[in-house]
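> Please find the sequence and the predicted model below.
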Amino acid sequence: MCLLPAPSMVRSLPLVADKRLDINIGNKFTMSKQKLLDRVRSEIRLRHFSLRTEQAYLLWTRRYVIFHNKTHPEHLGPQHVRSFLTHLAVRRNVAASTQNQALNAIVFLYRHVLKKDAGQFTGFVRAKPGRQLPVILSRNEVERILSNLNGQYKLMAGLIYGSGMRLMECIRLRIKDIDFKYRTITVRDGKGNKDRVTMLPQRFVPELQLHLRKNKVLHQQDLLEGAGSVYMPYALERKYPGASREWVWQYVFPASHLSRDPRSDAVRRHHISESILQKNIRRAVRKSRIAKPASCHTLRHSFATHLLESGYDIRTVQELLGHSDVRTTMIYTHVLKQGANAVRSPADLPRLNPLLSQV
């Protein structure tokens, strides 16, 4: 069984390379290793995989090579792949999704870089996948979290909860994708490289408009200083020269400073780092004294659950979330079936009349 690489699976792997991998090795292998990683990088970019997928696949390639004593993958076969994957499950105790991600990276390495048959991998120990229900916040808990956020972080959390966007979908939102007249947000290149339209919550419209007016002043200042460009996907910068400096293409939540693009080396104003919002939401959860492991994605889960509680059709919720299969959306119906919405506890049933119980 040969598995295809799934770039959308990049979830559980840390994107910073392990420092233990930065070790001195022989000059001969250093050259071949560098060439190998460059070839992997080129094949990934040829297929327009995301930067996170590129980082993850490169990291797994390094870990795979170092696990086998820095032997070049050309000299490794299916049995070496099986031993590495078994090591991840048995010794490292990784999650099933992490092990699958490693397998996808290795299959990509053999199939598209080394141009070799990846072989069969049916004999390795698989990490046991679990069925986990999402963490859901009540409406009151959401309001408590929002009350402990300030500025653009409160706005971003409100948009995630009010529209069901994912974290990176909110972070990468551009000016042109907000329609105040029809109160819609167009999500571009979402998970699975799909576009969709979701709602713009009226509650946050005034705050969002004020936020954009402030950002426009910042963009005009960048233009006066000879900057003001933004990253453009694919070849749009060549197709539409000058579009990268236009206001409509700018990010809704720009970074506070200019940065260098890791691929093109161009200096631009990128979007805000997702880790900043994550840290602020974690801090707000602690201040709210909510005894749940809530995160940015919890707000998206709560969006879907609260819509279903309000009586909206599951197909509508599926489209708003961008799920390909309604079965993915149905996990929220399992949450709704818990507690008082389904079976009543025998401890909560009406008690019998003491006189009747003696009969």
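Thanks, I have it.

> drop to CA atoms for contacts and neighbour counts, all remaining ones
Noted.

> Run through who's touching stretch 222-236.
His219, Gln220, Ser244, Arg245, Glu246, Trp249, Gln250, Tyr251, Arg268, Arg269, His270 (Cα atoms under 8 Å, 6 or more residues apart in numbering).

> Need phi/psi at the last one.
In terms of degrees, to the nearest 10, the main-chain angles of His270 are phi -90, psi -180.

> do the first one as well
Dihedral angles phi and psi of His219 (degrees, to the nearest 10) take the values phi -70, psi -40.

> Equivalent analysis for the fifth one, please.
The main-chain torsion angles of Glu246 are listed as degrees, to the nearest 10 and equal phi -80, psi 150.

> which pair in the contacts of stretch 222-236 spans the largest distance?
Using Cα to Cα, the two most remote members of these are Gln220 and His270, lying 15.3 Å apart.

> Tell me the buried residues in stretch 239-258?
Under the neighbour-count criterion of 16 or more other Cα atoms under 10 Å, stretch 239-258 has Ala243, Ser244, Arg245, Trp247, Trp249, Gln250, Tyr251, Val252, Phe253, Pro254, Leu258 buried.

> Can you get me the start-to-end distance on that stretch?
By Cα to Cα, to the nearest Å, the extent of stretch 239-258 from end to end equals 24 Å.

> How about residues contacting that stretch?
Contacts for stretch 239-258 (Cα under 8 Å, 6+ apart): 152, 171-176, 212, 215-216, 219, 223, 228-232, 237, 267-273.

> Can you flag the buried ones in these?
Buried subset of the contacts of stretch 239-258 (neighbour count, 16+ other Cα under 10 Å): 171-175, 215, 219, 228-231, 267-272.

> So which of those belong to helices?
Within those, residues falling in helices by DSSP state H are Ile171, Asn215, His219.

> Redo those residues as JSON lines? Include distance to Met165 and pLDDT.
Listed next are those as JSON lines, based on distance: Cα to Cα, whole Å; pLDDT from 0 to 100:
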{"residue": "Ile171", "distance to Met165": "10", "pLDDT": "95"}
{"residue": "Asn215", "distance to Met165": "21", "pLDDT": "95"}
{"residue": "His219", "distance to Met165": "25", "pLDDT": "95"}
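
> can you redo those as JSON lines with distance to Glu54?
Formatted as JSON lines, these follow (distance: Cα to Cα, whole Å):
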{"residue": "Ile171", "distance to Glu54": "19"}
{"residue": "Asn215", "distance to Glu54": "31"}
{"residue": "His219", "distance to Glu54": "30"}
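
> now, which of those sits nearest Gly164?
Among these, and counting by Cα to Cα, the member closest to Gly164 is Ile171, at 13.1 Å.

> Does that closest one touch Ser275 like I think?
No. Contact criterion Cα atoms under 8 Å: Ile171 and Ser275 do not qualify, at 10.4 Å.

> returning to that earlier point: in a markdown table: the contacts of stretch 222-236, plus distance to Ser138.
Formatted as a markdown table, the contacts of stretch 222-236 follow (distance: Cα to Cα, whole Å):
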| residue | distance to Ser138 |
| --- | --- |
| His219 | 38 |
| Gln220 | 41 |
| Ser244 | 41 |
| Arg245 | 42 |
| Glu246 | 40 |
| Trp249 | 36 |
| Gln250 | 34 |
| Tyr251 | 31 |
| Arg268 | 40 |
| Arg269 | 37 |
| His270 | 34 |
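
> Pick the one among the residues you listed closest to Pro206.
Nearest to Pro206 among the contacts of stretch 222-236, counting by Cα to Cα, is Tyr251 at 18.0 Å.

> quick one: that closest one from Leu212, how far?
The gap separating Tyr251 from Leu212 is 10 Å, by Cα to Cα.

> cool, Glu309 as well?
The value you get for Glu309 to Leu212, if Cα to Cα is used, is 33 Å.

> likewise Tyr231?
18 Å.

> what does Leu173 give?
As defined by Cα to Cα, Leu173 lies at a distance of 12 Å from Leu212.

> what does Thr329 give?
Counting by Cα to Cα, the separation of Thr329 from Leu212 is 33 Å.

> Then Tyr312?
On the measure of Cα to Cα, Tyr312 and Leu212 end up 31 Å apart.

> Kindly report the same for Glu225.
Between Glu225 and Leu212 the distance is 20 Å, computed by Cα to Cα.

> One more: Lys128?
Here Lys128 is placed at a distance of 46 Å from Leu212 (Cα to Cα).

> Let me see the contact set for Thr305.
Ile136, Tyr332, Thr333, Val335, Leu336.
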